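Participant: turn this into a model:
(2 chains)
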Amino acid sequence: MKVSKNELMASLKKAFEGLGFHPGDYYDAADMVVWLETHGLDGFDRLQAALAYLNTTGPTHAELIEEDTSYSVLDGNDSSILLCGSEAIDLLSAQIMEGSAAGLQLNNCYNRTFILQRLVKAAQRDLAFIAYWRQDACCIKVSIAAGADLPEHQTFSLAEVIDPQSLTVFAGTDLVVVEQQFSEQIAIGELIETYSSAEMSICYQDSVEQGIEIDEVLWSTLEGLVERILVESTESSRAGAGD
Amino acid sequence: MQADGKPRVLPLRPASQVMRLERLGSFHQSRLSFMRTLVRRMVIENWQITSPVFDLDDQGYGTVVYQVEARFGIFSYVLFSHYLDPDSRNDRVIANQWDLTMALCEGTVDADQLAFLRTNVPKQEAGRVDSRVLVLSRANRSGRTFEYVVDELAEGRQPCIDVIAEVGYLYRTTAAYGSGKLGMADWEKVRTKHPDFARPFAAEMFTCFMLRHFSMQQADYLAAQRAPEKAVILDEDIKRYIGIGNSTGLGMAPFLINHPMLINQWIEMRETALARVILASESGVDESIFVRLAASVQRVIQHLGEIVTADERQSSSNILVRQDLVLLHQWLQDETAALVRENYDWANLVEYAERSFHLETQEVINTLLIELYPELVDDLEEHMGVDESIRVMPEMSVAQLLQIIEDKYDWALAIDFSQYESMGAFWYRSQEKMEPRLGQTNIDMGMEKEMPMAVGRRVRECYDQVSAYNLTCPQQNVAHFIMRNPNYSGIVGRVQTMAQRCYGDIRENLVHSDVLPIHLLRCKLSFFGVSKFDPRSRLWVRNTMFQGAPLISDFGKPFADEWQFPIKPVLTSG
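Facilitator: From the prediction side, this is the model:
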């Protein structure tokens, strides 16, 4: 079945609320899923993986473990980027605004591809980012220039041992400088695949024009989560609707 | 520019005055209301509307397709008319059958699409449509007027205008869904692909306008079916006076809380219009404008006198406003010559009204002043949409955040939430079609599933938490506060974003025991452009849409755009 972006956003917000997310968190999480799916990065598949975890635990956020003026280390407490991605990028953004460049390592976190939407949003404040993480036997590098609407998503072979559940993000005001900082600290392998911003844009335009295809089982799962925030209807409650 | 070369500052009213719930609930439609801007566009651009399919049986049931040639595109308005058992007629959102169901679609509609729509549109929320559909809507007949009007026409008579005046419409719409609900086109698609409807709620309002057209066409049709030799068609002046009924309940209320940026924009444009008008009158006002204002005031006096409502509060308010306006009218009649001589300006009138007249009278006067200067106001209609992003500013110091809350949310900090009444109500979504409802704390079930409508309380909680954090970590920024207190990210982002806007957050405790949600509904409805508010309780209100508006047959003709505050027509024929 096909749903619209607005409809999907509304459903996801309520579904995340049903999972115990707070306002702010459920807006951000819904934004992340919709962005990934509408830009051709399998948002629904990643959501299903996240739901398997989120459905069994309460919402868990990241903790700040170490911090100096330009580098922070966070423990994601085995949580999803849907919950800890916003605060991590906000922390990094604040650091850049107080200095010129900064880096962040978020350990023990899952569903890292969702970070793309947070980077795109933060880039609107004239900040540039490069995010990097291991995905199975490869590495993913995502870069976005200051003020850009869309990032570039690249897949590389693995060149060094990387923690399988960590996410590293470098940031600054100029992508060239951030790239330099990144290359000084990270050894990357061969480029395997590039998913360009132009391809993302085409996918997005199609989503807006035609709607978004969603598996009925996933839609039904979301509806089940939405049920959790609804209150049983009684004669008394109908009085509270104007009867 | 002023004489000293500095740019003139528009005298916008402060949020502390405008954003009070009771004032918002006193708003009336203005030139910037969505029905008004839509009608201007349709008439001036001379939209062509035909009905390639008009397939009704002798009872008026069947299918109608109107083809709409607007300035930039072609659209189809598809309508299904069904038999409905009178006992099943229900205006509430939980209803599942209606007299009419409709869809506004992009482009033309072929047989396959029509079959698809016929399967899904009558089901409304229980069906699915696709991104070719912009709006889905439904309507019920008025038990008081529809059959009466058809009978009269079939007898060769025009209906009595007093009967029409008491109700105001032949059909009531009970919902007009857009913005991507049920698989429809996203607002983003409508906004970017269809300039004809690229203003907030333009497509939804058009759907109601077309319903109005159909309601009268169907009445004419049925009368002709019943008495082909004897029937007459509705008089055009009566037709203009027939609107569409609307019932609006709590479902509309959360919108105003969940879209603070959009609400800010609408109110800022309305306030900008008022400020422009006041500024333009600084060097005095022409006599002709005073005369026009007096005529408008007289019209509102008559309009309010013709409203029939059983609601005591609204009825008293209408009487008080009329009394105020009678005084104003007399004053304008007596003093216009002197006022012109003395270079009287509208700032004086607004200040006088604030001192001497009731709240609703003040807002009627503001609306009338805006009405007098289309050349100063109408360009604002292009600025009613906005990017609604709420952004956390993580670099802001917690001390600055505290300062912002103290400056901009002093109204929230002034509420004593330790009082039971301050948290005596809560908002929740019912299992019945997710209908928003208002519950009483400790009496109704569902408090643990409360919707986040209590912005004031959330700000208070956030302020207390930030204050405590600031004592232990005074040099930290918002990013660090949120790391330690992630549950506050939503309200922090809202405070930071809205602090940069003039309006947006309603300055009232929306979970107080005595909260009047009807003010929320009325505020939004005023931006839609409805008239004749008839509250049925503190939770829902009936009103009329497009009453007094031009007909399709008026499109392309000279147009005065003065159909606000509709009054009974003086019939010239028969």
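Participant: please make it C-alpha for all contacts and neighbour counts, starting now.
Facilitator: Noted.
Participant: spatially central residue in chain A, please.
Facilitator: In chain A, the residue lying closest to the centroid (Cα atoms, centre = their mean) is A:Phe114, at 2.3 Å.
Participant: for chain B, identify the residue most remote from the centre.
Facilitator: Of all residues in chain B, B:Thr472 has its C-alpha farthest from the mean position, at 47.1 Å, by Cα atoms, centre = their mean.
Participant: look up how far B:Ile405 lies from it.
Facilitator: To B:Ile405, B:Thr472 is 19 Å away according to Cα to Cα, to the nearest Å.
Participant: same deal with B:Ala280?
Facilitator: Note on B:Ala280: its distance to B:Ile405, by Cα to Cα, is 35 Å.
Participant: then A:Ile140?
Facilitator: 41 Å.
Participant: give me the more crowded residue out of these two.
Facilitator: Comparing A:Ile140 with B:Ile405 by other Cα atoms under 10 Å in any protein chain shown, the one with more neighbours is A:Ile140, at 24 against 21.
Participant: for chain A, what's its nearest residue on the stretch 451-574 of chain B.
Facilitator: Distance from chain A to each residue of the stretch 451-574 of chain B (Cα to the nearest Cα) is smallest for B:Gly490, at 3.5 Å.
Participant: give me the neighbour count for the residue lying closest to that residue once chain neighbours are set aside.
Facilitator: The shortest distance from B:Gly490 to any residue that is not its chain neighbour, by Cα to Cα, 6 or more residues apart in numbering or on different chains, is 3.5 Å, and that residue is A:Gly24. The tally of other residues near A:Gly24 (other Cα under 10 Å) stands at 24.
Participant: ok, A:Ala239 next?
Facilitator: Residues lying near A:Ala239 (other Cα under 10 Å) number 13.
Participant: B:Gln475 now?
Facilitator: Other residues lying near B:Gln475 total 10 when counted by other Cα under 10 Å.
Participant: correct me if wrong: it contacts B:Ser397.
Facilitator: Yes: contact criterion Cα atoms under 8 Å: B:Gln475 and B:Ser397 qualify, at 7.1 Å.
Participant: next one: the closest residue to chain B within chain A relative to B:Arg89, how far apart?
Facilitator: Across chain A, the shortest distance to chain B (Cα to the nearest Cα) belongs to A:Gly24, at 3.5 Å. Separation of A:Gly24 from B:Arg89 (Cα to Cα): 40 Å.
Participant: try A:Leu116
Facilitator: In this structure, A:Leu116 and B:Arg89 are 49 Å apart, going by Cα to Cα.
Participant: avg pLDDT for the helix ranked longest in chain A?
Facilitator: The longest helix of chain A (DSSP state H) is helix A:81-98. Average pLDDT, helix A:81-98: 95.
Participant: need the residues of chain A near chain B, please.
Facilitator: Of all the residues in chain A, those in contact range of chain B (Cα under 8 Å from any Cα of the partner chain) are A:2-7, A:22-25, A:61-64, A:87, A:90-91, A:93-95, A:97-98, A:208-211, A:227, A:229-233, A:236-238, A:240-242.
Participant: now with 6 Å, please.
Facilitator: Taking Cα under 6 Å from any Cα of the partner chain, the part of chain A that reaches chain B is made up of A:3-4, A:6-7, A:22-24, A:90-91, A:94, A:208, A:210, A:229-233, A:240-242.
Participant: quick one: buried ones out of these?
Facilitator: For those, burial is judged from neighbour counts taken by 16 or more other Cα atoms under 10 Å in any protein chain shown, and it is met by A:3-4, A:6-7, A:22-24, A:90-91, A:94, A:208, A:210, A:229-231, A:233, A:240-242.
Participant: what's in contact with the helix or strand bottoming out on mean pLDDT in chain A?
Facilitator: Least confident helix or strand, chain A: helix A:235-239 with a mean of 77, by mean pLDDT, DSSP states H and E. By Cα atoms under 6 Å, 6 or more residues apart in numbering or on different chains, no residue outside helix A:235-239 reaches it.
Participant: what about that helix, distance to the chain center?
Facilitator: Using Cα atoms, centre = their mean, to the nearest Å, the mean C-alpha position of helix A:235-239 is found 40 Å from that of the whole chain.
Participant: same question for stretch A:119-126.
Facilitator: Here the centre of stretch A:119-126 is set off from its chain's centre by 13 Å, with Cα atoms, centre = their mean.
Participant: now the strands for the chain?
Facilitator: Going with chain A. Here chain A has its strands, by DSSP state E, at A:2-3, A:63-67, A:71-80, A:101-110, A:128-135, A:138-144, A:152-157, A:167-172, A:191-195, A:212-213, A:230-231.
Participant: the intended chain is chain B.
Facilitator: B:48-56, B:62-69, B:74-81, B:100-106, B:133-141, B:169-177, B:243-248, B:425-430, B:436-440, B:531-535, B:541-545.
Participant: what helices and strands are in contact with the fourth one?
Facilitator: Just to be clear, that refers to strand B:100-106. Applying 3 or more Cα pairs under 6 Å, 6 or more residues apart in numbering or on different chains; DSSP states H and E, we find strand B:100-106 packed against strand B:74-81, strand B:133-141.
Participant: so for B:Tyr148, which of those strands sits nearest?
Facilitator: Distances from B:Tyr148 to each of the helices and strands packed on strand B:100-106 were compared using Cα to Cα; the minimum, 11.5 Å, belongs to strand B:133-141.
Participant: pairing partners for that closest one, with directions?
Facilitator: According to DSSP bridges, strand B:133-141 has the following sheet partners: strand B:100-106 (antiparallel), strand B:169-177 (antiparallel).
Participant: circling back to that earlier point, pLDDT score for the residue farthest from the centre of chain B?
Facilitator: 94.
Participant: run the chain-centre distance for stretch A:75-93.
Facilitator: 9 Å.
Participant: can you list contacts of it?
Facilitator: The set of residues external to stretch A:75-93 that reach it, using Cα under 6 Å, 6+ apart, is A:29, A:60-63, A:106-112, A:115, B:394, B:479.
Participant: specify which member of those is nearest to B:Ala454.
Facilitator: Distance to B:Ala454, by Cα to Cα, is smallest for A:Ala29 among these, at 21.9 Å.
Participant: picking up where we left off before, neighbour count: A:Leu116 and B:Arg89, which is higher?
Facilitator: The neighbour comparison of A:Leu116 against B:Arg89 (other Cα under 10 Å) goes to A:Leu116, with 26 against 18.
Participant: what's the closest non-adjacent residue to A:Arg107?
Facilitator: Just so we're on the same page, residue A:107 is Asn rather than Arg. Closest residue to A:Asn107 in three dimensions, ignoring its sequence neighbours and counting by Cα to Cα, 6+ apart: A:Ser166, at 4.2 Å.
Participant: how about that neighbour, what does it touch?
Facilitator: With Cα under 6 Å, 6+ apart as the criterion, the residues that contact A:Ser166 are A:Leu106, A:Asn107, A:Asn108.
Participant: how much space separates the first one from A:Glu87?
Facilitator: Relative to A:Glu87, A:Leu106 is positioned 11 Å away (Cα to Cα).
Participant: what do you get for the last one?
Facilitator: Using Cα to Cα, we find A:Asn108 at a distance of 15 Å from A:Glu87.
Participant: next: the second one.
Facilitator: Spatial separation of A:Asn107 from A:Glu87 under the definition Cα to Cα is 14 Å.
Participant: looking at the two, which is more packed in?
Facilitator: Relative neighbour count places A:Glu87 above the other of A:Asn107 and A:Glu87, with 26 against 21, counting by other Cα under 10 Å.
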